[in-house]
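Asks: I need the structure of the sequence given here:
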Amino acid sequence: MDVKDFYYDLPEELIAQDPLEKRDDSRLMVLHRADGEIEHRKFHDVTDYLNPGDCLVINETKVIPARLLGVKEDTGAAVEILLLKQRSAENWECLVRPGKKLRPGARVSFGDGILKAEILDVVEEGNRIVRFEYEGIWEEILDRLGEMPLPPYITHKLQDKDRYQTVYARNSGSAAAPTAGLHFTKELMEEIEAKGIRIARLTLHVGLGTFRPVKVDKIEDHHMHSEYYEISQEACDIINETRKNGGRVISVGTTSTRTLETVGTAQGLYRPAAGETGLKDSGLLCPASGWTNIFIYPGYEFKVVDSLITNFHLPESTLIMLVSALYNREAVLDAYAEAVKERYRFFSFGDAMLIL
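Replies: This next block holds a predicted model:
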């Protein structure tokens, strides 16, 4: 398939630059795969589409303030270092700007020397291995000096760091938020559980590769970035019980989806055919952790996920390809055209879509 098959025209003014005052006041487009119907609702209406016995799968990753602004010690030139993956206690794989000034051996100072860094090596895609030097507690220093690493299409300064976190964020490690979860409030989560919908919690630490464009013409030639995930026995038990009893596994976001499908694929799960009841030989989801580079695009057969809550994604991105795999490309692009017509807000701080 060609990358251009996933293009749509988006007016720049529809890219949401700021979060809404209330998380669940965002709009919700509901897509019914059974008959192609499209509904326009508010996100707090999502409970109308969730049934007792369903399971909602959320990603508990927490965004770290990974953007560090400093100066080169020898020249005083301004530089930026973005934390991507922790390699050891002091060493991180990072994205740096400007790259020409930060070659191996270069030293950087942040916050008048509270934090210092040395560039150790250049690795894949020009990223750097950086060793940090400090006294005290790393998390406290990072919280003091770091900024939230907002996506490149957001140009406004974020006034409240918490608005780029889900209300259930717990496990630090992401360089970007799992944005489908930004619409949930604590009250909405309580309402969902009170209705008899179970919550399964997993973690996938989102990398900046999620924003990287697909640079090949044929999507089959694209190589996905790797991200770390964990899913517990408790979460697997909830999901397995849901599947056994005929409930739906509703994934919140593409990150939860990629985790579930990675584990389901590795463990040989499959979705029972229409009319079958119970798991039969479709298998049990078991706890797992590791790195995934799964690339889901049309033609992929889902093993675990039945429905999806997601935001509106960039044209020609791997994320719109994943959504197109769950529904179909033409219907998804028609829905996006409808969203543009109806002036929905797009991307990280934008509105949401529920695919049933």
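
Asks: Just the element for residue 202, please.
Replies: Assigned by DSSP states H and E, residue 202 belongs to strand 198-204.

Asks: Could you list the buried residues of stretch 289-309?
Replies: By neighbour count on 16 or more other C-beta atoms under 10 Å, the buried set for stretch 289-309 is 292, 294-298, 300, 302-309. For glycine as for every other residue, the C-beta is placed from the backbone atoms N, C-alpha and C.

Asks: any idea which residue sits dead centre in this protein?
Replies: With distances taken as C-alpha atoms, centre = their mean, the residue of the chain nearest its centroid is residue 178 (3.4 Å).

Asks: Among the buried residues of stretch 289-309, which are located in helices?
Replies: Counting by DSSP state H, the buried residues of stretch 289-309 place none of their members in helices.

Asks: Of the residues you listed, just say which sits nearest to residue 350.
Replies: Taking C-beta to C-beta as the measure, residue 350 sits nearest to residue 309 out of the buried residues of stretch 289-309, at 13.3 Å.

Asks: residues touching residue 70, list them.
Replies: 78-81, 108-111, 115, 117 (C-beta atoms under 8 Å, 6 or more residues apart in numbering).

Asks: Now render those as CSV, adding secondary structure, pLDDT and neighbour count.
Replies: Formatted as CSV, the contacts of residue 70 follow (DSSP: H, G, I helix; E, B strand; the rest coil; pLDDT from 0 to 100; neighbours: other C-beta atoms under 10 Å):
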residue, secondary structure, pLDDT, neighbour count
78, strand, 95, 12
79, strand, 95, 22
80, strand, 95, 16
81, strand, 95, 25
108, strand, 97, 25
109, strand, 97, 17
110, strand, 97, 22
111, coil, 94, 15
115, strand, 97, 23
117, strand, 97, 26
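
Asks: Can you pick out the most distant pair from those residues?
Replies: 78 and 115 (15.4 Å).

Asks: sec struct for residue 332, please.
Replies: helix (DSSP: H, G, I helix; E, B strand; the rest coil).

Asks: give me the number of residues near it?
Replies: Neighbours of residue 332 under the rule other C-beta atoms under 10 Å: 23.

Asks: ok, it - contacts?
Replies: For residue 332, the contacting residues are 320, 323-324, by C-beta under 8 Å, 6+ apart.

Asks: I'd like to know which of those residues is nearest to residue 31.
Replies: Once C-beta to C-beta is applied, the member of the contacts of residue 332 that ends up nearest residue 31 is residue 323, at 9.5 Å.

Asks: Can you tell me the SS state at that closest one?
Replies: Strictly by three-state DSSP, residue 323 counts as helix.

Asks: Tell me the spacing between residue 327 and residue 32.
Replies: 10 Å (C-beta to C-beta, to the nearest Å).

Asks: Of those two, give the one with the bigger neighbour count.
Replies: residue 327 (19 against 13).

Asks: which parts of stretch 216-235 are buried?
Replies: 219, 222, 224-225, 227-231, 235.

Asks: now stretch 24-44
Replies: Quick answer for stretch 24-44 (16+ other C-beta under 10 Å): 24, 26-31, 43-44.

Asks: would you turn those into CSV with pLDDT?
Replies: Below are the buried residues of stretch 24-44 laid out as CSV (pLDDT from 0 to 100):
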residue, pLDDT
24, 97
26, 98
27, 98
28, 98
29, 98
30, 98
31, 98
43, 98
44, 98
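
Asks: Can you tell me which of these is nearest residue 336?
Replies: residue 29 (9.3 Å).

Asks: picking that back up, so can I have TSV of the buried residues of stretch 24-44 showing distance to residue 17?
Replies: Listed next are the buried residues of stretch 24-44 as TSV, based on distance: C-beta to C-beta, whole Å:
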residue	distance to residue 17
24	19
26	14
27	16
28	20
29	20
30	25
31	26
43	19
44	22
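
Asks: Could you pull out the helices in the chain for me?
Replies: Going by DSSP H, the chain shows helices at 138-145, 186-194, 233-244, 253-266, 318-326, 329-341.

Asks: most neighbours per residue, which of the ones you listed?
Replies: Mean neighbour count (mean count of other C-beta atoms under 10 Å) peaks for helix 253-266 among these, with a mean of 25.

Asks: What lies in contact with that helix?
Replies: With C-beta under 8 Å, 6+ apart as the criterion, helix 253-266 contacts 57-59, 61, 178-181, 202-204, 206, 227, 229, 231, 239, 249, 251, 285-286, 288, 292, 294, 296, 300, 302-305, 308-311, 313, 319, 322-323, 326.

Asks: possible to save the helices of the chain as CSV with mean pLDDT and distance to residue 174?
Replies: Shown next, in CSV, are the helices of the chain (pLDDT from 0 to 100; distance: least, C-beta to C-beta, whole Å):
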stretch, mean pLDDT, distance to residue 174
helix 138-145, 93, 13
helix 186-194, 98, 19
helix 233-244, 96, 18
helix 253-266, 97, 9
helix 318-326, 97, 15
helix 329-341, 98, 26
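
Asks: Would you mind saying which of those lies nearest residue 97?
Replies: helix 138-145 (16.6 Å).

Asks: what ranges do the strands span in the stretch 1-150 of the chain?
Replies: Secondary structure of the stretch 1-150 of the chain (DSSP state E, counting those that start in this stretch): strands located at 27-31, 38-42, 55-59, 61-63, 67-72, 78-86, 91-97, 107-110, 115-122, 128-134.
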